Structures are given as C-alpha cells and as structure tokens.
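> got a predicted model here, sequence first, then my questions.
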Amino acid sequence: MGAQPDSTHQVRGYCTLCRSRCGAVYTVRDGALLDVQPDPEHPTGAALCPKGRAAPEIVRSPRRLTRPLRRTTPKSDPDPRWRPVGWEEALAETAERLGRI
C-alpha cells in the first residue's frame, strides 16, 4: 500500500475570538487546526491578535468544554460540582427557561 496523500489545506475565514472578526487563513490537516495567519486579502486581515493566533492551542486544550455541564450546588457554594448532561437535556432546559422569559 502506498503512502497516504497529505490532507493539509488552507481555509479562508475570519477569527471569532473577539468582536473585530479579523480575516484569517487557517491551516487544517485531517480536520485538525494546525495554524492561523492573518489574511491580507480580507478587509480586516492586516494583523491577528494574540487570541486569534492562539486558536490552535485553544482548540486542543484538555480544559476546553466539549459538552454541556450542569451545576449541582447552589451558586453561593464555591465548588460548583459540575455534572455532564446530554445535549438534548441541555437544549430542552435552555428552551424552557427562555420560554419563561
């Protein structure tokens, strides 16, 4: 079996880590974000702030939330004791609370 072709490609877009929405070029390999650079062809792409440049590190962080959590203690308790919940449950509860508003 031969070597697999390199699936690295670039995707143009904009950074969503702050309000500026700076133009960015993302380097992606096998669905994983590897690098972010300013996109000089974008109206707001002359530069990229440290938050934007840190996007690959943020995405791979082991502390990044990847599913909904529910607090199991009152807000006055310093230890929230978060508990994972399913997406359906979280969305249903959020919709119900928004409906009350």
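Okay, I see it.

> so where's the chain shaky on pLDDT?
1-5 (pLDDT under 70).

> do a quick rundown of the helices in it.
50-53, 55-60, 87-100 (DSSP state H).

> please convert those helices to a markdown table, extending it with mean neighbour count.
Using the backbone N, CA and C atoms, a C-beta is placed for each residue, glycine as well. Below are those laid out as a markdown table (neighbours: other C-beta atoms under 10 Å):
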| stretch | mean neighbour count |
| --- | --- |
| helix 50-53 | 15 |
| helix 55-60 | 13 |
| helix 87-100 | 10 |
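
> could you dump those helices into a markdown table and include distance to Pro68?
Below are the helices of the chain laid out as a markdown table (distance: least, C-beta to C-beta, whole Å):
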| stretch | distance to Pro68 |
| --- | --- |
| helix 50-53 | 24 |
| helix 55-60 | 18 |
| helix 87-100 | 4 |
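
> of those, which is nearest Asp35?
helix 55-60 (6.2 Å; C-beta to C-beta).

> give the contact list for the residue positioned nearest the centre of the chain.
The structure's the chain has its C-alpha centroid closest to Val59; by C-alpha atoms, centre = their mean the separation is 5.9 Å. Counting by C-beta atoms under 8 Å, 6 or more residues apart in numbering, Val59 makes contact with Leu33.
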